[in-house]
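> sequence and predicted structure are below.
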Amino acid sequence: MADVALRPARRLPLPGEAAPARALPGDLAIWLFIFAELLVFGVLFAAYAVARRAHVEAFDASQALLDRRLGLLNTMLLISSSFAVARAVQAVRADRARACAHWLFGAVLLGCVFLLIKGMEFRRDADAGMTLSSGLFEMFYLCLGLFHFLHVVMGLVILAVVAWKSLHGHYDGRSHAGVETGASYWHMVDLVWILLFMLVYVLH
């Protein structure tokens, strides 16, 4: 109680006064990393769009061989995992660290299912003779897919570590930057997949 009394009260902005700027959640370093990764993916997406415009028929023919149902299923899995991560952040901000850990472990499970399905899809593509040298579409599809796959693996490792730490009391309502950092990275992974799915699987 004494600690609460000593804490300065949060001042509300006066009429016409701008509200104070809100800091980005998590560590600044992860945001610099996220922006760098988004830049790399952006360059790859732009190169794909340019190549597709120059070889529309070839890209359409190769694109038709992809299983859009698996792509859609993986999209739903990652969106669901991002929802679980968002709930984890809400939970830890409310000082419910165990609930945060449970939501994060749920997100990790969904992410692992994503990797399993994507791995099966890569195996199916390989059995069909798809390689990096098969054509321009195949090169972009495999490079983008594998690059994103590695990001998912990294994101799952981060979420698993954060979940374990949350379960063992390393975070609470006042100190949870690690949770927000992991969540920010995972939302980036989800966003990139949605763009990849729309560009590679859906767009004709």
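That came through, no problem.
> wait, isn't A94 in contact with R174?
No. Applying C-beta atoms under 8 Å, one finds A94 not in contact with R174, separated by 11.6 Å. No exception for glycine: its C-beta is placed from N, CA and C like everyone else's.
> who's more crowded, those two?
A94 (11 against 7; other C-beta atoms under 10 Å).
> give the contact list for the more buried one.
If you count contacts by C-beta atoms under 8 Å, 6 or more residues apart in numbering, A94 has them with G173.
> low-confidence regions, this protein specifically.
For the chain, the stretches flagged by pLDDT under 70 are 1-23, 26.
> can you map out the helices along it?
For the chain, the helices defined by DSSP state H cover 2-6, 28-54, 56-63, 68-93, 97-127, 136-167, 177-196.
> highest mean neighbour count out of these?
Of all the helices of the chain, helix 177-196 carries the top mean neighbour count, a mean of 21, counting by mean count of other C-beta atoms under 10 Å.
> helix 97-127 and that helix, what's the angle between them?
With axes from the mean of the first three to the mean of the last three C-alpha atoms, to 10 degrees as the basis, helix 177-196 and helix 97-127 are set at 30 degrees to each other.
> mind checking how far helix 177-196 is from the chain centre?
Distance of helix 177-196 from its chain centroid, counting by C-alpha atoms, centre = their mean, to the nearest Å, is 3 Å.
> surely D27 is in contact with A177?
Yes. At 6.1 Å, D27 and A177 qualify as touching, with contact defined as C-beta under 8 Å.
> coming back round to it: pipe the helices of the chain into JSON lines and attach distance to H204 per row.
Shown next, in JSON lines, are the helices of the chain (distance: least, C-beta to C-beta, whole Å):
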{"stretch": "helix 2-6", "distance to H204": "59"}
{"stretch": "helix 28-54", "distance to H204": "10"}
{"stretch": "helix 56-63", "distance to H204": "6"}
{"stretch": "helix 68-93", "distance to H204": "11"}
{"stretch": "helix 97-127", "distance to H204": "19"}
{"stretch": "helix 136-167", "distance to H204": "12"}
{"stretch": "helix 177-196", "distance to H204": "15"}
